[in-house]
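Student: here is a sequence with its predicted model. Questions after.
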Amino acid sequence: MNELSPTFRLAQALFDGDANQARACFGETISLDGPYTGKVTSLTGLGWAAGAWPALFRTTRGTKLQLRGETSADGRIVSEILVSATSHDGDPIQLPLAMMGEYGEDARLREARFYFCEKPLTGELRPRLTSFFSMDPPVSTPEDYPDVNARYIGNQIKWNIPGILEQFGEEPYIERGLDRLEGIEALGEFYKFVIIPDMPVRVVKNTGTYDGRTFILEWSSARIPTASGLAAYERHADGRLKAVRMYDNSPWPCD
């Protein structure tokens, strides 16, 4: 799919404040879930979301979105987008946002979920309740992931930071919101911060979308229901990781 994909069109309609165009992206039912809006399942709720959307994201109505890339497989599509917005300090920013959609045979959406890091807009990292809440969520294992991601999560489970870093290729980077770490040395310091020895890694794989190049993971924590997000794992042609783009409110060393 291209920039006329239903997820990109939905995002643009919301930033245009156009409830009718947003409704046209869905099929028979409406389901939009994410920070600020909560879960929207009615035309009235979608109208409110569209009307409030530009102000919620500290941007002007009709701002044109920049499409970074899309990943589509198995009836799901994710649009990674940059939004021209204003930070909580009043500075112009390019805010990364991911719009995930599940669609039917008519290419219209059945469900849509959006993810981003709130810190650039609010100065805070607020909890995000997972859209896939369960009293007893299944913890994922390496067998649940494709290719390099299986080795990546396998080394996370073992608290093996050198093993994690071996999964990255040349010029790797990790990104969350406006924060970006580049190079193996910086990534090593990052994983020393997030990997806690003897603390079990209990990640729930809610959905996985893989087109052979980028793996999109909608995840949540089996321990903390207010820890959830979306991550895009892009790989090099040799199969190693090129980038990890995180759309969540998880703490970073710089926070």
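Tutor: That came through fine.
Student: going by C-alpha atoms from here, please, whenever you check contacts or count neighbours.
Tutor: Noted.
Student: residues near residue 148, how many?
Tutor: 19 (other CA atoms under 10 Å).
Student: what residues does the host helix or strand of it touch?
Tutor: Element membership for residue 148 (DSSP states H and E) is helix 147-157. Helix 147-157 has contacts (CA atoms under 8 Å, 6 or more residues apart in numbering) with 141-144, 161, 163-164, 167, 195, 200-201, 215, 233, 239-241.
Student: who does residue 71 bridge with?
Tutor: With DSSP bridges as the criterion, residue 71 is bridged to residue 78.
Student: could you measure from residue 154 over to residue 145?
Tutor: Residue 154 is 10 Å from residue 145, where distance means CA to CA, to the nearest Å.
Student: from the contacts of helix 147-157, keep the buried residues only.
Tutor: 141-142, 161, 163-164, 167, 195, 201, 215, 233, 239-241 (16 or more other CA atoms under 10 Å).
Student: so which of these sit within helices?
Tutor: 161, 163, 164 (DSSP state H).
Student: nearest to residue 42, of these?
Tutor: Nearest to residue 42 among these is residue 164, at 43.3 Å by CA to CA.
Student: all helices for this protein, in order.
Tutor: 6-16, 19-24, 43-56, 119-122, 147-157, 161-165, 184-194.
Student: the fifth one vs helix 184-194, what angle?
Tutor: For helix 147-157 against helix 184-194, the angle between stretch directions is 50 degrees (axes from the mean of the first three to the mean of the last three CA atoms, to 10 degrees).
Student: residues of helix 147-157 that come out buried?
Tutor: 148, 149, 150, 151, 152, 153, 154, 155, 156, 157.
Student: and if you look at stretch 207-215?
Tutor: Quick answer for stretch 207-215 (16+ other CA under 10 Å): 208, 209, 210, 214, 215.
Student: hey, C-alpha coordinates of that stretch in CSV?
Tutor: What follows is stretch 207-215, C-alpha atoms only, in CSV (Å, rounded to 0.1, in the frame of the first residue of the first chain):
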residue,chain,number,x,y,z
THR,A,207,0.2,-8.6,17.3
GLY,A,208,3.1,-9.1,15.0
THR,A,209,3.2,-7.8,11.4
TYR,A,210,6.2,-8.7,9.3
ASP,A,211,6.8,-8.0,5.6
GLY,A,212,10.2,-9.5,5.4
ARG,A,213,12.0,-6.3,6.1
THR,A,214,10.3,-4.6,9.1
PHE,A,215,8.7,-6.4,12.0
